[in-house]
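Below are the sequence and a predicted model for it; my questions follow.
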Amino acid sequence: MRIATWNINGIKARIGLLLTWLKQEEPDIVVLQEIKTVDEGFPRAEIEALGYNIETHGQKSWNGVAILSKRPFDEVTRGLPGDDTDEQSRLIEGVFSVEGSVVRVCGIYLPNGNPVDTEKFPYKLRWMDRLIAFVEERLRLEEPFILLGDFNIIPAPIDARNPENWWGDALYRPESSPAGAPCSTLA
């Protein structure tokens, strides 16, 4: 099974590129981030014509995630549990039947968190805590689980061309690191 992820940064602006890529590469499942459209505005017909099933969790102007799949969806989860007031469209999960089992494919668009001295950074950290709880719950199901997308973090200096240019940015802070501090090793 070929599974891919793409921060498309506006589905309508890049639909031609997406269609060309889908025809050339023929992935089984694609997770998109930053679709930047409401569900009703997603260009379904062109993608469905290539044999893909589509589920979206859209949002106007920014955010929004989608899954395109050659397999039918058994289940779909939209949104990250744990905060009923969170209106940002940043997580979608599809469950697919495969050879006597299922596989869960979860796409995320983790908050950027900048500027750090605004509510955006604490929101990012709270979102990450909720994501960790969600993933732990999914792993307890003991089913194949794939988490992919745009994580908006730089966990270690090797993950950036010029890490010194990023230090202090919400993407490159100890609080944003999955391990809690590897990015602080920057000398």
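Perfect, thanks for sending it.

now the end-to-end length of stretch 165-174.
Taking CA to CA, to the nearest Å, the first and last residues of stretch 165-174 lie 15 Å apart.

chain center to it: distance?
20 Å (CA atoms, centre = their mean, to the nearest Å).

Could you pull out the buried residues of that stretch?
Trp166, Asp169, Ala170, Leu171, Tyr172, Arg173 (16 or more other CB atoms under 10 Å). Placement of C-beta: from N, CA and C, glycine included.

Secondary structure class of the residue most central in space within the chain, three-state.
By CA atoms, centre = their mean, the chain has its centre lying nearest to Ile108, at 2.1 Å. With DSSP: H, G, I helix; E, B strand; the rest coil as the basis, Ile108 sits in strand.

Quickly list what it is bridged to.
For Ile108, the beta-bridge assignment (DSSP bridges) gives partners Leu91, Gly149.

gap between Glu25 and Tyr52?
12 Å (CB to CB, to the nearest Å).

Give me the neighbour count for Ser101.
9 (other CB atoms under 10 Å).

Which residues are in contact with it?
Applying CB atoms under 8 Å, 6 or more residues apart in numbering to Ser101 gives the contacts Glu143, Pro144.

Let me see the ranges of the strands in the protein.
3-7, 29-33, 53-57, 65-69, 75-78, 91-98, 101-109, 145-150 (DSSP state E).

Now do the buried residues in stretch 133-146.
Phe134, Arg138, Phe145.

Next one, pLDDT for the last one please.
Right, the one you point to is Phe145. For Phe145, the pLDDT comes out at 98.

Ok, the second one next?
In this prediction, Arg138 carries a pLDDT score of 98.
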